[in-house]
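In: build me a model:
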Amino acid sequence: MHDDSVRAEYRVARLAPTDAAIAAHVIANIKLHDEARAAESDARQLRTWLESPSHILLVAFDADRPVGFALGYLLERVDGADDMSAPSKMLFFYEIEVLPTHRRRGMGTALVERMKEIARAERVLKMWVQTDPENHAARGLYERTGGQASAAADLIYTWTTSRLQDAAEDASV
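Out: A predicted model of the protein is given here:
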């Protein structure tokens, strides 16, 4: 675990593969609200996930208790700048969660600021996050930490496993 203190009351750390059991606990308790879910198989899967240097899992701790997390993905661009010294990566800030008991205490801000530090260290071209236009708390957090809303709402298209399978079957007919 790479310890990155933000305030004396709590800390934010980027988890390493050796922190897979902590990662499983964090995901089970904070995201899924299911402590029993933090199984050994989840820890093995998360260890593999954390081994990729492009995968980022930050955890906010209140003392030794995990109370929030943020996930991010470093993405290599194939259309990078001609000057190879210029940034060609982007950081997709995928998700942030803080326990309801710890919201409005600066932990979300600390997680975003730490993600921004990683983006600067990785020399990314840009970092972005998507949120529901009606999620005023998230929008406020992103704006307070320097994020700028896009001028137009983008549409997001998804392909679920069943739709991917249907498409493959249709293509083979």
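In: and the residue positioned nearest the centre of the chain, what does it touch?
Out: Nearest to the mean C-alpha position of the chain, by C-alpha atoms, centre = their mean, lies Leu71 at 1.5 Å. Leu71 makes contact with 55-58, 93-96, according to C-beta atoms under 8 Å, 6 or more residues apart in numbering. Backbone N, C-alpha and C define where each C-beta goes, glycine included.
In: go with 7 Å
Out: 56-57, 94-95 (C-beta atoms under 7 Å, 6 or more residues apart in numbering).
In: next: Thr131.
Out: Counted by C-beta under 7 Å, 6+ apart, Thr131 has contacts 138-139, 142.
In: quick one, longest strand in this structure?
Out: Scanning the chain for the strand with the most residues, using DSSP state E, yields strand 65-76.
In: which SSE is immediately downstream of it?
Out: Per DSSP states H and E, the first helix or strand lying C-terminal to strand 65-76 is strand 89-98.
In: avg pLDDT for that following strand?
Out: Mean pLDDT, computed over strand 89-98, is 93.
In: okay, buried residues for that strand please.
Out: For strand 89-98, a neighbour-count test (16 or more other C-beta atoms under 10 Å) marks 89-93, 96-98 as buried.
In: re earlier: who does the residue nearest to the centre of the chain bridge with?
Out: Beta bridges link Leu71 to Leu57, Glu95, judged by DSSP bridges.
In: next, the angle strand 89-98 makes with the longest strand of the chain.
Out: Angle, strand 65-76 to strand 89-98, by axes from the mean of the first three to the mean of the last three C-alpha atoms, to 10 degrees: 160 degrees.
In: going by neighbour count, which residues of strand 65-76 are buried?
Out: Buried, per 16+ other C-beta under 10 Å, within strand 65-76: 66-72, 74.
In: what's the spacing between stretch 117-130 and its chain's center?
Out: Put simply, stretch 117-130 sits 12 Å off its chain's centre (C-alpha atoms, centre = their mean, to the nearest Å).
In: give me the contacts around it.
Out: For stretch 117-130, the external contacting residues (C-beta under 7 Å, 6+ apart) are 56, 74, 77, 87-93, 115-116, 142.
In: one more time with 10 Å
Out: Contacts with stretch 117-130, where a contact means C-beta atoms under 10 Å, 6 or more residues apart in numbering, come from 4, 6, 12, 14, 53-54, 56, 58, 70, 72, 74-75, 77, 80-81, 85-96, 112, 115-116, 138, 141-142, 146-148, 150, 153-154, 156.
In: all helices of the chain, in order?
Out: Taking DSSP state H as the criterion, the chain carries its helices at 20-26, 40-50, 107-121, 136-144, 161-171.
In: in JSON lines, list those helices along with mean neighbour count and distance to Trp128.
Out: Shown next, in JSON lines, are the helices of the chain (neighbours: other C-beta atoms under 10 Å; distance: least, C-beta to C-beta, whole Å):
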{"stretch": "helix 20-26", "mean neighbour count": "21", "distance to Trp128": "23"}
{"stretch": "helix 40-50", "mean neighbour count": "15", "distance to Trp128": "21"}
{"stretch": "helix 107-121", "mean neighbour count": "19", "distance to Trp128": "10"}
{"stretch": "helix 136-144", "mean neighbour count": "14", "distance to Trp128": "10"}
{"stretch": "helix 161-171", "mean neighbour count": "9", "distance to Trp128": "25"}
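In: alright, calling it a day.
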